[in-house]
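Asks: need coordinates for the following:
(8 chains, ligands or ions: 3)
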Amino acid sequence: MNPSLFSPEGLAGVIFLILIGVTMIGAIIATCTKRLIRSVSGLAVCFVGVAGLYYFLNSPFVAMMELLIYVGAVCVTIAFAIMLAEPDEAKLARKMSGLSGGLAAVCGGAVSFALGYAAVNGQWMAPATQVNDGSLKMIGASLLTKYSMVFELISIVLLAAIIGSVALARAGRRGN
Amino acid sequence: MMLTLSTQLNTYLIIGAILFGFGIFGLVRRPSLIGMLIAVELVLSGASVNFMAFNRFLAPDPTVGQIITLFIMAIAAAEAAISLSIVIAVYRNYKSIEVEDLVELKG
Amino acid sequence: MSSLAQSHLRETFELNIGPQHPATHGVLRIKVVMDGEYIDRAEPILGYIHRMHEKMGENRTWNQFWPNMGRLDYLSAMAYNHCYAGLMERAAGIEVPERAEYIRVITAELNRIQSHLLGFGAYIMDLGGFTPLMYAMDEREQILDLLESVTGSRLTYCYFRFGGVYNDIDDDFITGTRAFLKRFRPQIPMYHKLVTGNAILMDRLIGVGPVSAEMCRKYGATGPVLRGSGVNYDIRRNEPYSVYPELDFDIPVYKECDSMARYMVRMDEMVQSCRIIENALNKLPEGPVMAEKVPKALKPPNGDYHYAVEAARGTFSMRTVSDGTNTSYRMRLRSPTYSNVSLFEEASRGMLLSDALAFLGSLDPVIPEMDR
Amino acid sequence: MLARANSLWPLTFGLACCAIEMLSSGCARFDLSRFGAEVFRPSPRQSDVMIVAGTINKKMLPAVKILYDQMPEPKWVIAMGNCAISGGPFAYPGQYNVVEGADTFLPVDVYIPGCPPRPEALIEGLLELEEKITGKRRWPRVKPETMVKG
Amino acid sequence: MEQQALLDLLYIAAFTLCGLAFGFGPLLIVYLFSPRGTRQIVNKTRIPIECGMLTIGPAWIRYGILYYLYALMFLAFDVDVLFLFPVAAVYNDFPGIRGFVEILLFVAILSLAIVYAWKKGVFKWERKVYQQ
Amino acid sequence: MSGYFKDIITGLKSLAVGLQITNKEFLTKPITLLYPHESVKMYPRYRGHIELVKDPETGMNSCICCGMCEKGCPSGSISVKSEKRPGVKGKVLTAYILNFTTCSLCGQCVENCKPGAIRFSNEYNLASTRREDYIFNLLEKLHPEGIPEPEVDPELLKKELEKAEAAKKAAAAKKEAAAKQEAAKKEPAKEGGESKAEEKS
Amino acid sequence: MNELIRLLSYMICIAAFLGLNLAYLGWVERKGAGHIQRRTGPKDVGPYGLLQPLADGLKLMSKQLIVPANADRPLYMCAPILTMVPAVLLFVAIPFGEHLVPREFNFGLLMMFAFASVGGMSILIGGWGSGNKYSLIAGARAVSQNVAYEIPMLITAITIVMITGSMDLNEIVRQQGGFFWNWNVFRLDKSILMPVSFLVFFICSLAETNRTPFDMGECEGELVAGYHTEYGGMGFGLFMMAEYANLVIGCSLTTVLFLGGWQCPFGLFPGPHWFLLKMYFLIWCFVWIRWTYPRTTFWGLLNLSWKYLIPFSLVNLLLTALFIKVF
Amino acid sequence: MDRAKIKRELENLAAESLPAEPPQEEAPVEVQAEAEGEDKAKAKAKKEDDAPRKNGLIETEYAKRGTHLDVQINPDQVVKAAEILDGEGMTLEMVTGVDWLKEGQLEVIYDYSYPGGQLFRVVVRARVDRNNPDIPTVCHLYGGANWHERETWEMLGINFVGHPQLEHFLLPEDADFYPLRKDFKS
Ligand code: SF4
Ligand code: SF4
Ligand code: SF4
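Replies: Ligands and ions are numbered 1, 2, ... in the order given. Below you'll find the predicted structure:
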């Protein structure tokens, strides 16, 4: 069952390992560095990895969306926010050490262990049959038919987000 | 064995869990609001990975999970937009985005 | 509550623009306090090319001060030469032959075109367009050729002398100048088509950098800045010197007070300068180009003298205090951009950074002239 | 070496009158770009040669030094114009503000005299610098001629 | 994973490698061949560039509220637009007016955001007036 | 709303016009002067550094070593070294040092020189790796093969010798000096050749 | 195994193609600029200055890299490499000819955008990592601009997807076969605004590649040299190369989406030469535009996107949707 | 602009300032001036023009001097003068200073002109003591005076009281000399 390293499957396996590595490293950078901008970069790296995982999960469309939305949009926005709000990290560095760090590690470790344990030991039922292949076209089709509400809902949510954020951001503007 | 990891559900679940864990870790550890937001994004993506994994291996209709993931993304984006503007508003008013400082100011 | 009161502190930062910066026309330094993209305060800092011209005026003989005049505003050196010549002729009471005056006017106006061409090109380069500069420089080279054939240098002319000019112009120069005018006239509409009409440029210039006439008055701004603010003031008309009263030309005035107006004044002045040159060439009398009996060692009588000319950037005036010796007691040079740029600080308040630089460019500073 | 010599990117750094001649030499008539040297870079980090074109005065001095320092190796300096060579017309005994020559504090490679030097002289200076770098001159030397009136 | 997707992945990976090579290669060469020391006069080689002056204040400045607004709008808008992709891909396959109505609705809601921002003056970049 | 569309249309039109113009320029021939391969001739009035004028008849300079150029130069770039030689009228120029690095090409020296012994050269493309290259000895530049000895006028020499021998009177020497002064005063801005001629007579 | 060989050979070809392009686009640009400006451009280094890029490249490689003292070192070093990666990667999906395409992805178009959007982040961290105010401001501007122009670009691309019903680039080209009126630019039957849409896309790709008149990232007039102020030598070289690579990609994409890719205008002999012809024509337009116009202001640029391009592309989207239903 | 009015008011001002300068102080000035008359050229020039002027208004010949009115007043009156001229729409072209070393005084010169149709140039001068060179600023009236005064301070050490920013401007920040003073030696 083990594919040879140089077959396409084998190479894919290697790539998968690399992706896991990228995801993990990204996550570590995102949480452990002192400078916020670095953690945003870490977050972006992590998302690239996650996008790869999605690809392996048979949904290239979601993978691409992950890149576009998270890396291209969310991370950039966060970076802007950092520029605006807290560019100097000296103060943060001071508070990073010590108790809170330990506490955080314990919390994070516990949560991930619990989840991982549950996941591994859970009795997951294999699906009966898959009704469609989950491709882009199918997503589109279901967005147009079955989940059209979701489709419109998304736009409304985002409209609200735009309006809200613009209003909020402008509210603090000096002179207004 | 290592090379076939990608075909196993557990791999994804564990990755999801670890991401989730990192998210929690960051959430507790980060003193600043934006840092916490970053952590939250990690948590969300951990959840999404799980969703996608279940979707791939267990769901009868693989579009559902994807659509939910997409929805999560949209929500995450909206959330990021709103929360960042809140952060900025807070920052403007209190000159700090550190949680402790905010608590102090409230008191 | 006190911390809340401070909450509307400005989030400002300081930015150095210059002295080595592509947009400051040399070594002007502007210390900008920025508030995001907006300028909170832009303070020009001068002196990076201060060359002690005024001090040199005090320890050089009148004749030896000539080369300094070409190096003040090296772009319109002729006008500066003209001012110094006029000043000393006024002080020492020298009559200048008519032909010399005409030659002075012709060369000074050629020089003005040259200066405006470079100003135009450099201005557009500030705004990111390189090609107009090249075209302008091409035309400019023609003028430089003409002037070089008369004066021997390309930029830092030292051509005028007390009582006349260094040497006469010849027919080659006259035909060359006419040919140049013929060639140059159609270029200006081309510039307008290429540059002025351009939507991007209009977007950048119209309404940017308003300077009111009152502000000009308070700051002593002159030249295209003043005329771009709707004031019809030009030393060539209002305080006529040389043979300008005999030549016919218009003074372009724009009322918009913005960068575009200043830019347009310069463009139109080039056309007018062409007119002046043509006119002067037609009227050019025969005769000597040097007054007779100009003493080698000039000793103007005791007292203050003042002379003003219209240089390419505005009123250039000199005030000298003579103590009757062959050097001046005090030489004061009033350079136009010094006053023009001094209003930058007030006018640029609250502008966007790129607007402010577009505005600065429209003032067309020449830094060595400011710093003197 | 040949590559370096043929891709000399100058720093956009004009001080006074000579800077205008530097500009002209980049323009249509003289066109420095024929030698690959028209890429005037505004940032010292990206430039290879600093053309000191104009008078350096005491206030500018620290800035010039810093700019020179900020240029990465290999780097060269061209002193263009008499002012940059020796203070030019502004250097007289007892003056208070002009630095008498760029070589008092910079390792100048090529001197171009003139006030201002013609653009050809700047090109010649660049060729001279090429010669200094490669040790060989690829270009013909030009003997100045005077136009005969006719 | 299917063969097709697998190969896609391989191509992407290979070209990523290629890109990395394009990025690292020259830097490696630079690392190997570039001179080490810099001739200095005042030991200022490594200070940030600020037009020949010493830097004023910290380099990491608070900056960009205006961009920030744009970025926020962009974020939401971008996400919005992306959802049109799958819909557009199948748009042709669904006869009937329903698809059109949905897209119309979607776009209309989207445009509201622009209209709102426009009305609010987000796109106005005016000169600020300072009270002295 | 109509303004909105009008803006777009006029804007696009102006952009198109710009493109047209640059395209036209693209198709015309460049005007560049390929400098090291071809070069312009300098105008006769071009001001390069100053140089001594070679008298076509004698092949010598016509400097009378009056020092006016030295005195008039604003930046003190010139120093004239001269000495008295037996048998030669006037002083003989031994070195004419021009520190070109401080010269501003103002022309004062040329103007001040009455015999017209100096003029502007046409050297426009100087460049060198050494600063010292620009401290010219113009005399050496004038005679690159070596400075020729000034022609000794036998008559004058004879006269001088005669004078010296005949009386060695101080009065005679004084007289000659007076005559020389007068000559200098009388001949304002004479051409070099003339002064030469005078010297011969 | 066959696949592997194919992959390797494509990789080598693309690398060579890219290398050549990166080097000689610079030359084309300088030469073009020269001729537009009445001068000759590079000329004396090799015949017609053809060795100029080589000289430049070698020089950049032998130039010292200085890491500024208060730069964020890892970010500073990563940024140029990161800009390079997506630029090269994207060539994987470009159909040069019907059978001359490294890989046909059935989500190719989306992939283009996805990886291109990663580039923005690298500019941002480059600008930030330099520890220089100019870089920071310019980086923010450049990204903000990239971001703003991504939207109309996406909407326009979606319109195309709607027309063709495919995201496979090669498929999109295939559908534009026959005469040139089948090209998407002229598909007036799908939407009368198609040419406008092309214009929108073209402007966007200008902006996305940070070219004048949209070179906010470099804006020499204001911020020294933009986000790569602190990058010397090869760091700067990489940014420049990435710019040119993006240029090629942008033009290729425009060609594919609107100008019928490798299709011949008259239905004869389609092939890669047509593709290259069209692409280089577009690149030439970029160069031409660059040397004609001044730079826009920052807000002018953002407003252009939000006030004109986005509404136009949205209208076009709706029109297309309508036309498809109606006809 | 009303030339007659300006002239009248300035005349008043000058007249006001006349008694402010005690006659004894004038005497040594003249003595000094005569002392320097040893210079031949100077003595010759003196016949035409006497250098140290008294306070007061002179109508000068434009063709010879380049100015129409020349008024010398007390230092504390310069603001007043500026107000008068400002009210008439004149612009301040330049401010400069002269160091009269022999007299131990520094002179501040204000050049006014009219940026309109008519040609009218007014010079206002005031002399301050060299050891105590204080003079009020006119910055609040003429923004352009800011730089000119700053430069005059820098070059000659004339202290403009009330000037918002009397810092180094053209010279390096650490310059501690006044280069245009006559006794300056570098
Ligand atoms: S050498 Fe002459 S032209 Fe050059 S900067 Fe000095 S004074 Fe100006
Ligand atoms: S040209 Fe002027 S500066 Fe040069 S040597 Fe002659 S007098 Fe001196
Ligand atoms: S002025 Fe003429 S004659 Fe007199 S020393 Fe100079 S060069 Fe010789």
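Asks: ok, and the closest non-adjacent residue to residue C:120?
Replies: In space, not counting the residues next to it along the chain, residue C:120 is nearest to residue C:136; the distance is 5.4 Å by CB to CB, 6 or more residues apart in numbering or on different chains. From N, CA and C alone the C-beta is placed, and that goes for glycine too.
Asks: next one: the host helix or strand of the one you found, is it in contact with ligand 1?
Replies: Using DSSP states H and E, residue C:136 falls within helix C:131-151. No: among the residues of helix C:131-151, none lie within reach of ligand 1 under CB under 6 Å from any ligand atom; the closest is 13.7 Å away.
Asks: next one: whatever helix or strand comes next after that helix to chain centre, how far?
Replies: Stepping forward along the backbone from helix C:131-151, the first helix or strand reached (DSSP H and E) is strand C:160-161. Here the centre of strand C:160-161 is set off from its chain's centre by 19 Å, with CA atoms, centre = their mean, to the nearest Å.
Asks: how many neighbours does the residue nearest to residue C:120 have?
Replies: If you count neighbours by other CB atoms under 10 Å in any protein chain shown, residue C:136 ends up with 26.
Asks: how about the contacts made by it?
Replies: C:117-118, C:120-121, C:191 (CB atoms under 8 Å, 6 or more residues apart in numbering or on different chains).
Asks: one more time with 6 Å, if that's ok
Replies: Taking CB atoms under 6 Å, 6 or more residues apart in numbering or on different chains as the criterion, residue C:136 is in contact with C:117, C:120-121.
Asks: now, which of these sits nearest chain E?
Replies: Within these, the smallest distance to chain E is 22.4 Å, found for residue C:121 (CB to the nearest CB).
Asks: helix, strand or coil for the closest one?
Replies: Three states are possible here, and by DSSP: H, G, I helix; E, B strand; the rest coil the one that applies to residue C:121 is helix.
Asks: what's near enough to touch it?
Replies: Residues touching residue C:121, when contacts are defined by CB under 6 Å, 6+ apart, comprise C:132-133, C:136.
Asks: for residue A:67, report the pLDDT, please.
Replies: According to the predicted model, the pLDDT of residue A:67 comes to 84.
Asks: now it: how far from chain H?
Replies: Going from residue A:67 to chain H by CB to the nearest CB, to the nearest Å gives 52 Å.
Asks: and the longest helix anywhere in chain D, anywhere near chain F?
Replies: With residue count as the measure and DSSP state H as the assignment, chain D has helix D:119-134 as its longest helix. Yes: on the criterion CB under 6 Å from any CB of the partner chain, helix D:119-134 is in touch with chain F at D:120-121, D:123-125, D:128, D:132.
Asks: ok, back up a step: adding pLDDT, write the contacts of residue C:136 out as JSON lines.
Replies: Below are the contacts of residue C:136 laid out as JSON lines (pLDDT from 0 to 100):
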{"residue": "C:117", "pLDDT": "89"}
{"residue": "C:120", "pLDDT": "88"}
{"residue": "C:121", "pLDDT": "87"}
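Asks: nearest to residue F:65, of those?
Replies: residue C:117 (45.7 Å; CB to CB).
Asks: for that closest one, helix, strand, or coil?
Replies: Put simply, residue C:117 is helix when judged by three-state DSSP.
Asks: and it, what does it touch?
Replies: By CB under 6 Å, 6+ apart, the contact set of residue C:117 is C:136, C:139-140.
Asks: separation between it and residue B:69?
Replies: Taken as CB to CB, to the nearest Å, the spacing of residue C:117 relative to residue B:69 amounts to 62 Å.
Asks: any idea of the pLDDT on residue 96?
Replies: Defaulting to chain A. The per-residue confidence score, pLDDT, reads 54 for residue A:96.
Asks: meant chain F actually
Replies: Listed pLDDT for residue F:96 reads 83.
Asks: how about it, secondary structure?
Replies: strand.
Asks: quick check: residue C:253 touching residue C:231?
Replies: No: distance between residue C:253 and residue C:231: 7.2 Å, which falls outside the contact criterion (CB atoms under 6 Å).
Asks: more neighbours, these two?
Replies: residue C:231 (21 against 18).
Asks: can you name the residues that contact the more buried one?
Replies: For residue C:231, the contact set (CB under 6 Å, 6+ apart) comprises C:213, H:115.
Asks: what's the closest non-adjacent residue to whichever residue of chain E sits closest to chain F?
Replies: Residue nearest to chain F within chain E: residue E:118 (11.6 Å; CB to the nearest CB). Leaving aside its sequence neighbours, residue E:118 sits nearest to residue G:307 (CB to CB, 6+ apart; 7.4 Å).
Asks: the one you found belongs to a helix?
Replies: Yes: per three-state DSSP, residue G:307 lies within a helix segment.
Asks: show me which residues of chain B are close to chain E?
Replies: That would be B:74, B:77, B:81, which are the residues of chain B within reach of chain E (CB under 6 Å from any CB).
Asks: between those residues, which sits nearest chain C?
Replies: The shortest gap between chain C and any of the residues of chain B next to chain E belongs to residue B:81, at 19.5 Å (CB to the nearest CB).
Asks: wait, does stretch G:313-327 make contact with chain F?
Replies: No: applying CB under 6 Å from any CB, one finds stretch G:313-327 out of contact with chain F, separated by at least 12.4 Å.
Asks: local confidence estimate at residue 90?
Replies: By default, I'm working from chain A. Here the pLDDT value assigned to residue A:90 is 49.
Asks: was after chain B, sorry
Replies: The predicted structure lists residue B:90 with a pLDDT of 74.
Asks: returning to that earlier point: report the buried residues of the helix holding residue C:136.
Replies: Neighbour-count burial for helix C:131-151 flags C:131-144, C:146-151 (criterion: 16 or more other CB atoms under 10 Å in any protein chain shown).
Asks: excluding its backbone neighbours, what's nearest the most centrally placed residue in chain A?
Replies: Compute the mean C-alpha point of chain A, and by CA atoms, centre = their mean the closest residue is residue A:47, 4.8 Å away. With CB to CB, 6+ apart as the criterion, residue A:47 has its nearest non-adjacent residue at 4.2 Å, and that residue is residue A:70.
Asks: do you know how far that neighbour is from chain F?
Replies: Using CB to the nearest CB, we find residue A:70 at a distance of 35 Å from chain F.
Asks: all helices of chain F, in order?
Replies: Chain-ordered helices for chain F, with DSSP H as the definition, fall at F:2-27, F:68-72, F:108-112, F:138-142, F:154-166, F:170-186, F:192-200.
Asks: out of those helices, nearest to chain A?
Replies: Between chain A and the helices of chain F, the shortest separation by CB to the nearest CB is 22.2 Å, and it involves helix F:2-27.
Asks: which positions in the closest one come out as buried?
Replies: By neighbour count, with 16+ other CB under 10 Å as the criterion, the buried positions of helix F:2-27 are F:11, F:14-15, F:18-19, F:21-22, F:25-26.
Asks: please apply the same query to stretch G:32-48.
Replies: When burial is assessed from 16+ other CB under 10 Å, stretch G:32-48 yields the following buried residues: G:32-46.
Asks: residue contacts, residue G:125?
Replies: Contacts were defined as CB under 6 Å, 6+ apart; by that measure residue G:125 touches A:41, G:75, G:79.
Asks: just the buried members of those residues?
Replies: With neighbours counted using 16+ other CB under 10 Å, these contain these buried positions: A:41, G:75, G:79.
Asks: which is the next helix or strand following the helix or strand hosting the first one?
Replies: Element membership of residue A:41 [criterion: DSSP H and E] is helix A:36-56. As assigned by DSSP H and E, the chain's next helix or strand after helix A:36-56 is helix A:60-65.
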